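> A structural model of the following input is requested.
(one chain, ligands or ions: 2)
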Amino acid sequence: MFHFASEQGIRLKQNTGVYMEFSPNITERLARARADLRMGVPVVLEGGAVVLAAETLTAERLAALRNLGGEPSLALTSRRAQTLKAPAYDGDVARIALPADASLAWVLSISDPADDLRAPMKGPVQSLRAGDAAMHRAAIALTKAARLLPAAIVLPIAQAAEFARAQNLTLVPASAAIDDGLSPLNPIVSARLPLSVSEAGRLHIFRPDDGAEEHYAVEIGRPDRSKPVLSRLHSACFTGDLLGSLKCDCGPQLRGALAQMGAEGAGVLLYLNQEGRGIGLANKMRAYSLQDQGFDTVEANHRLGFEDDERDFRIGAEILKRMGFGATRLLTNNPAKVAKMESCGITVVERVPLKVGENAHNHGYLATKAEKSGHLL
Ligand SMILES: Nc1nc2c(ncn2[C@@H]2O[C@H](COP(=O)(O)OP(=O)(O)OP(=O)(O)O)[C@@H](O)[C@H]2O)c(=O)[nH]1
Ligand SMILES: [Zn+2]
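Ligands and ions are numbered 1, 2, ... in the order given. Down below sits the predicted model:
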């Protein structure tokens, strides 16, 4: 057990750097930053900016931000800017000037498309052109990683590190927020799990180093590692997998894939926690609201400020490799999944179609995926 004679002793050791290894590294600080933004706590970017997620902004924090002086702006994706008819001069992101009298309601109405149709005249919104968008790009990446609406207030500040320390805020490098590296995935535990499709079931849990969601692999039988394994990359769908939603085909696909693996006596179903094609359940429900206003699944994602598909299929390839597989027969109708597995070093010897669960409610959804996302009918 550690025991320190005095506070003075602790301070001395800190000053000499002896305890530096306890400080969170950049990856850990990024995980904190995501949690902070979800709670409405500001995050500071090295290089000089304070960031507040639009979705969790409060009137008090907006007022406090104003008190800091300077010129805050709103970071949006170019997808969202397009809907607002605001030019995006920075490629994938747009910087919108925050009017001096902008209220919390204004920020939310620009960031959230929920009432776009009811109140279409939101503007005019003015896009900033001069200057650099690096901080805004990092802010968008952080809000997306936090599964919030991709919109954030960004205030440039001098002496960012000092400000973060004084206010006890998480400080992260902007470059780390946009780093697209795949976090190492660690096998945590695996245990026998008899299933109705096969009594020889096993569930493996994989935990990424970066504090993001865990992912699961359901192994059926004991597939031969030297042969292509029948596999499926299934993305979490709370509504379809658990509730039996008729809006998509996820539940029947999940059960159909497991049934096929059970029938063949071997297979691996990867259950990736990338709900809503990677935008999170809250945002997926926002997309569903927009779909009830008449937009299709792709348009709804775009209006929210997301790409059609924000998933990271490298995770699936990595888990298969960690489990000892190099080749697969992939159960999917999505050619993008095949391409991604191949580019990540998993040979797809066969695409096995998985067409189950079409009904009157999801007919349009499936047709849109075929038409706009290249799914094979
Ligand atoms: N954003 C969004 N996500 C949705 C919607 N409907 C279903 N999803 C999500 O889409 C994902 C389902 O995709 P998958 O079935 O794994 O993959 P796919 O791209 O359809 O390809 P397949 O392998 O052919 O099924 C799940 O994460 C669902 O939560 C929607 O309308 N909007
Ligand atoms: Zn679904």
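> tell me where the protein has strands.
43-46, 49-53, 73-77, 93-97, 151-156, 170-173, 185-192, 201-208, 215-220, 229-235, 267-272, 327-331, 347-352 (DSSP state E).
> and this protein, which residues reach ligand 2?
Residues of the chain lying close to ligand 2 (C-beta under 5 Å from the ion) are C237, G240, C248, C250. Bear in mind the C-beta positions are built from the backbone N, C-alpha and C, glycine included.
> got the contact list for the last one?
Looking back up the chat, that one is C250. H234, S235, C237, T239, G240, D241, G357 (C-beta atoms under 8 Å, 6 or more residues apart in numbering).
> so where do the helices sit in the stretch 1-150 of the chain?
With helices called from DSSP state H, counting those that start in this stretch, the stretch 1-150 of the chain shows them at 7-15, 26-39, 59-67, 78-83, 104-111, 134-145.
> quick check: domain ranges of the protein?
According to the TED database, the chain comprises the domains 26-178, 185-274+311-373.
> out of the contacts of C250, show me where the pLDDT dips lowest.
By pLDDT, G357 ranks lowest within those, coming in at 76.
> quick revisit: adding mean neighbour count, write the strands of the chain out as TSV.
Compiled in TSV, the strands of the chain are given as follows (neighbours: other C-beta atoms under 10 Å):
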stretch	mean neighbour count
strand 43-46	25
strand 49-53	27
strand 73-77	27
strand 93-97	24
strand 151-156	24
strand 170-173	20
strand 185-192	12
strand 201-208	18
strand 215-220	22
strand 229-235	25
strand 267-272	23
strand 327-331	22
strand 347-352	14
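> just give me the neighbour total for A130.
6 (other C-beta atoms under 10 Å).
> next one: it from ligand 2, what distance?
From A130 across to ligand 2, the span is 43 Å (C-beta to the ion, to the nearest Å).
> give me the local confidence score for that residue.
At A130, pLDDT is 92.
> got it, and the one 3 residues further on?
Listed pLDDT for A133 reads 96.
> need the contact list for the closest residue to ligand 2 within the stretch 251-377 of the chain.
Of all residues in the stretch 251-377 of the chain, the one sitting closest to ligand 2 is G251 (7.1 Å; C-beta to the ion). Counting by C-beta under 8 Å, 6+ apart, G251 makes contact with C237, G240, D241, L242, G244, S245, G357.
> ok, of those residues, which come out buried?
C237, G240, D241, S245, G357 (16 or more other C-beta atoms under 10 Å).
> please name the nearest non-neighbouring residue to the fourth one.
Once flanking residues are discounted, S245 sits nearest to T239: 3.8 Å by C-beta to C-beta, 6 or more residues apart in numbering.
> where does pLDDT dip in the chain?
Along the chain, the model assigns pLDDT under 70 to residues 1-20, 120-121, 377.
> who in it is up against ligand 1?
With C-beta under 6 Å from any ligand atom as the criterion, the chain meets ligand 1 at residues 234-237, 248, 250, 253, 274-277, 279, 284, 287, 297, 301, 332-334, 337, 369, 375.
> among these, which are located in helices?
The members of the residues of the chain next to ligand 1 that map onto helices under DSSP state H are C250, Q253, E275, G276, R277, K284, A287, T297, N301, K337, K369.
> which residues touch the third one?
The reference is to E275. For E275, the contact set (C-beta under 8 Å, 6+ apart) comprises S235, A236, C237, F238, L281, K284.
> from A160, how far out is the fourth one?
I take that to be F238. Counting by C-beta to C-beta, to the nearest Å, the separation of F238 from A160 is 38 Å.
> could you export the contacts of C250 as CSV, including distance to P150?
Converted to CSV, those look like this (distance: C-beta to C-beta, whole Å):
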residue, distance to P150
H234, 25
S235, 19
C237, 21
T239, 21
G240, 24
D241, 25
G357, 30
